[in-house]
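J.: got a predicted model here, sequence first, then my questions.
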Amino acid sequence: MIVAETRAVLRDALGAVGRADAPMDDAVTLVPTMGALHDGHARLFDEAAAGPGRLVASIFVNPLQFGPGEDLARYPRTLESDLELCREHGVDVAFAPSFTEVYPGGEPLVTVEPGPVGSILEGASRPGHYRGVLTVVAKLFGLVRPDAAIFGQKDYQQLVLIRRMVDDLCMDIDIVGAETVREPDGLAISSRNRFLRHQERQAATSLSRALYAGRAAQADGPDAVLTAADKELAAELAVQVDYLQVRTPDLAEAGRAGSARLLVAAQVGATRLIDNIAVELLR
Ligand code: PAF
């Protein structure tokens, strides 16, 4: 595995051949991450490594997507063990740049505006978050020039927005959404779970319990889904719900029937957790 800390080393690692001239098995798949890698990332790498071509993982904690008072300073930085996990899971190139390497001119003047979907749900509580995410993802796409990129469905809104950016800005990259990986008790695996204290860790399972309870009520329509999910969350005093919503798969207002997404965000102690699940509304 090549570890590239600079654009120049990344360029060399990917080869000088332009993508259009590259043979099929030279296709590049990118898995963008902020490090603190866990089993969820390992699953993404395994999925990508099982396909043809080369696998690039980026490891970069992007300050642009953290608002004031958010956890940028305490975000875990575990580069050595991250590189180890990359090696064990078939990554060919680990791109681990510094801030200056990604933002040589400092904070960019031109950024990617996420549009209306960027200011609902997570975006309503974290203004500017998705502008930061889309801007860095667009930069990573420009630097790596992947044919495909894989993102976890745990940040479902991020996945929807990246798909929309790629379509709207004609980026010609196949965006793959990978299933959320869960602990045996249902908690969605996240780099932030390590901040949960013992009792908070127990309480945090109410998010996935709420999603499953909501899905069990899907035949009775969106109100029943929300009521069932809310009951699970309300039973946990340590969990402060930020939002619990049913939306269409592309995050418009949900109707009474059809495919939909149930999404939740909550503060558990000092840690913000998100999760979501697909539901099929029947009336
Ligand atoms: O999901 C993440 O880890 C980040 O938002 C991403 C996509 C790597 C951009 O910094």
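T.: Cool, got the structure.
J.: isn't Arg215 up against Leu281?
T.: No - Arg215 lies out of contact with Leu281 (Cβ atoms under 8 Å); the separation is 10.3 Å. (Glycine included, C-beta is placed from N, CA and C.)
J.: mutual contacts of these two, please.
T.: Common contacts of Arg215 and Leu281 (Cβ atoms under 8 Å, 6 or more residues apart in numbering): Val225.
J.: the two: which has the busier surroundings?
T.: Neighbour count, other Cβ atoms under 10 Å: between Arg215 and Leu281, Leu281 has more, with 22 against 16.
J.: for the more buried one, grab phi and psi.
T.: Geometry field for Leu281 lists phi and psi as phi -80, psi 130, criterion degrees, to the nearest 10.
J.: how near is it to Tyr75?
T.: To Tyr75, Leu281 is 36 Å away according to Cβ to Cβ, to the nearest Å.
J.: in terms of secondary structure, what does the longest helix along the chain contact?
T.: When the chain is scanned for its longest helix (criterion: DSSP state H), the result is helix 198-216. Packing partners of helix 198-216 (3 or more Cβ pairs under 8 Å, 6 or more residues apart in numbering; DSSP states H and E): helix 222-234, strand 239-247, strand 257-268, strand 271-282.
J.: could you dump these into a markdown table and include mean pLDDT?
T.: Converted to a markdown table, the helices and strands packed on helix 198-216 look like this (pLDDT from 0 to 100):
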| stretch | mean pLDDT |
| --- | --- |
| helix 222-234 | 98 |
| strand 239-247 | 98 |
| strand 257-268 | 97 |
| strand 271-282 | 97 |
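J.: the ligand is nearest to which of those?
T.: strand 271-282 (10.8 Å; Cβ to the nearest ligand atom).
J.: the closest one: partners in the sheet, and parallel or antiparallel?
T.: With DSSP bridges as the test, strand 271-282 is paired with strand 257-268 (antiparallel).
J.: for the strand it pairs with, buried residues please.
T.: Buried residues in strand 257-268, defined by neighbour count with 16 or more other Cβ atoms under 10 Å: 260-266, 268.
J.: again, but for stretch 52-59
T.: Those would be 53-59, for stretch 52-59 by 16+ other Cβ under 10 Å.
J.: cool, and stretch 103-121?
T.: Within stretch 103-121, the residues that qualify as buried are 103, 108, 111-112, 114, 117-121, counting by 16+ other Cβ under 10 Å.
J.: next, see if that stretch gets close to the ligand.
T.: No - Stretch 103-121 does not reach the ligand (Cβ under 6 Å from any ligand atom); its nearest approach is 11.7 Å.
J.: got a list of contacts for that stretch?
T.: Under the criterion Cβ under 8 Å, 6+ apart, residues 64, 123, 127, 129-135, 137-138, 157, 160-161, 164-165, 169, 243, 245, 247, 250-251, 263, 265 lie in contact with stretch 103-121.
J.: ok, which residues in the stretch 51-200 of the chain are in contact with the ligand?
T.: Proximity of the stretch 51-200 of the chain to the ligand (Cβ under 6 Å from any ligand atom) is limited to residues 62, 65, 133, 136-137, 155, 158.
J.: hmm, try it at 8 Å
T.: Proximity of the stretch 51-200 of the chain to the ligand (Cβ under 8 Å from any ligand atom) is limited to residues 58, 60-62, 65, 132-133, 136-137, 140, 151-152, 155, 158, 162, 191.
J.: circling back: separate out the buried members of the contacts of stretch 103-121.
T.: The neighbour count (16+ other Cβ under 10 Å) marks 64, 123, 129-135, 137-138, 157, 160-161, 164-165, 245, 247, 251, 263, 265 as buried among the contacts of stretch 103-121.
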